[in-house]
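J.: Please work out how this folds:
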Amino acid sequence: MSIQPVSFQECSDQFSKVFERVLKNHEIISVRKDTEQAIVILDAKEYGSLVETLYLLSNPTNANRLREGMSQHQKGLTREIDVTAYLD
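T.: The predicted structure follows:
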């Protein structure tokens, strides 16, 4: 995931194009106004995913379960189950 730099002036002049780049190309844009001030623009769904991932990994027990599940998946130790009973 690379962050694409854009000047404040460019963002201001071409906001619609910057907005489309973020949505269509899933780019993360860093807008720097000066050496001390910058913001990041990213897709709201991407942001939500990052926040949820941080939340899930913030609990050590949950983080270990996720890592174990990923390890099992990589080793092919998975099985399919019918989840319809768990749906509303």
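
J.: hang on, isn't Thr78 packed against Met70?
T.: No. Using C-beta atoms under 8 Å, Thr78 is not in contact with Met70, being 10.7 Å away. The way it works is simple: take the backbone N, C-alpha and C, and place the C-beta from them, glycine included.

J.: Could you say which helix or strand holds Ser71?
T.: helix 60-74 (DSSP states H and E).

J.: where do the helices sit along the protein?
T.: 8-13, 15-25, 44-58, 60-74 (DSSP state H).

J.: show me what contacts the nearest residue to Leu23 once chain neighbours are set aside?
T.: Leaving out its chain neighbours, the residue that sits closest to Leu23 by C-beta to C-beta, 6 or more residues apart in numbering is Asp43, at 6.0 Å. Residues in contact with Asp43 (C-beta atoms under 8 Å, 6 or more residues apart in numbering) are 22-23, 26.

J.: Pull out the buried residues from those residues.
T.: Buried members of those, scored by 16 or more other C-beta atoms under 10 Å, are Val22.

J.: Need the pLDDT of Ser16.
T.: Looking at Ser16, its pLDDT is 96.

J.: Below-threshold pLDDT in the chain: ranges please.
T.: Across the chain, the ranges flagged by pLDDT under 70 are 1.

J.: Could you list the domains of this structure?
T.: 3-42, 45-78 (automatic domain parsing).

J.: Go through these and name the closest to Tyr86.
T.: Minimum separation from Tyr86 across the domains of the chain (C-beta to C-beta) falls at domain 45-78, 16.7 Å.

J.: Between the two ends of the closest one, what distance do you get?
T.: Domain 45-78 has an end-to-end distance of 28 Å (C-alpha to C-alpha, to the nearest Å).

J.: Thanks again, I'm all set now.
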